[in-house]
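> Quick one, structure for this:
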Amino acid sequence: MRDEQVAEAYDARAAEYIALIGSIEQMERADVDRIERWRDETPGVLLDAGCGPGQWTAVLSEGGRDVIGVDLSTEFLAAARERHPGVRFEAASMRELPFPDGSFGGILAWYSLIHLPPADLPAVLAELSRVTAAGGRILIGFFDGTPGEEFAHAVAPAYFWSAEALGALLDDAGFTATHAERREREPGPVGSVRPHGALIATRR
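Residues are numbered from 1 along each chain as shown. Below is the predicted model of the structure:
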């Protein structure tokens, strides 16, 4: 899908999304722990790429960290600015980020790459690599499954990935994968039952 289509799809369901999974209290504890550890181990300015309503951006900003959240959805950005007034949020596409080379020590892309057609992902990873400083770290959250296989996400078509397939694409973009994890999910009142994957890589 094009950026405009994804933005429109999320704008249309932003209130519903925020009510279901718009706060840290609604997130899985394992995810919170992983992102907090990554934050504390990653120096420099941080970018929350595809920040949604800003709950993870706020976590990254704890302790006075310098963080920027970017998203395509105007509804998400409005909610993020209202809910987290001390944090910086900007409208931007991961295809063309408005930041100089090497601006960030770390980039969080938590389930924000899932709607990119597989053919588009290498160029987006190259753009994320461009704005990451040498030695910087990226943390990607994704649905674990057959790489590039499309599934019917509640908001817009999305794609499965695996740590191995993502790691190869990240390597091509100038990153080296350093950590991967996968876990099954149990049915619950919110969120997804699809297997979760996370991958950390360092910019060479």
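
> contact partners of the helix or strand hosting residue 105?
Per DSSP states H and E: residue 105 is located in strand 104-110. With C-beta atoms under 8 Å, 6 or more residues apart in numbering as the contact definition, strand 104-110 has outside contacts at 31, 35, 38-39, 42-50, 56, 60, 94, 128, 131-133, 135-141. C-beta: built from backbone N, CA, C; applies to glycine.

> Show me just the buried residues among those.
31, 35, 38-39, 42, 44-50, 56, 60, 94, 128, 131-133, 136-141 (16 or more other C-beta atoms under 10 Å).

> quick one: pLDDT of residue 117?
pLDDT recorded at residue 117 is 94.

> Could you check how many residues crowd around it?
Residue 117: 12 surrounding residues under other C-beta atoms under 10 Å.

> so how far is residue 136 from it?
Per C-beta to C-beta, to the nearest Å, residue 117 is found 26 Å from residue 136.

> Do a quick rundown of the strands in the chain.
46-49, 67-71, 88-91, 104-110, 132-143, 150-151, 158-159, 175-183, 196-203 (DSSP state E).

> what's the pLDDT at the closest residue to residue 34 other than its chain neighbours?
In this structure, residue 34 finds its nearest non-sequential neighbour in residue 198, 6.1 Å apart by C-beta to C-beta, 6 or more residues apart in numbering. The per-residue pLDDT reported for residue 198 equals 98.

> other SSEs contacting the lengthiest helix in the chain?
In the chain, assigned by DSSP state H, the helix with the most residues is helix 29-41. Where contact means 3 or more C-beta pairs under 8 Å, 6 or more residues apart in numbering; DSSP states H and E, helix 29-41 is packed against helix 55-61, strand 104-110, strand 132-143, strand 196-203.

> List the residues that contact residue 199.
Contacts of residue 199 by C-beta under 8 Å, 6+ apart are 139, 140, 142, 163, 166, 167, 170, 177, 179, 180, 181.

> switch to 6 Å and redo it
140, 163, 166, 177, 180 (C-beta atoms under 6 Å, 6 or more residues apart in numbering).

> Now the strands of the chain in a markdown table, please, with extra columns for distance to residue 3.
Formatted as a markdown table, the strands of the chain follow (distance: least, C-beta to C-beta, whole Å):
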| stretch | distance to residue 3 |
| --- | --- |
| strand 46-49 | 13 |
| strand 67-71 | 11 |
| strand 88-91 | 11 |
| strand 104-110 | 15 |
| strand 132-143 | 18 |
| strand 150-151 | 18 |
| strand 158-159 | 15 |
| strand 175-183 | 23 |
| strand 196-203 | 23 |
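
> Just the residues contacting the helix or strand of the chain with the lowest mean pLDDT, thanks.
When the helices and strands of the chain are compared on mean pLDDT, DSSP states H and E, helix 14-21 comes out lowest with a mean of 82. Residues from elsewhere that reach helix 14-21, judged by C-beta under 6 Å, 6+ apart: 53, 75, 76, 79, 190.
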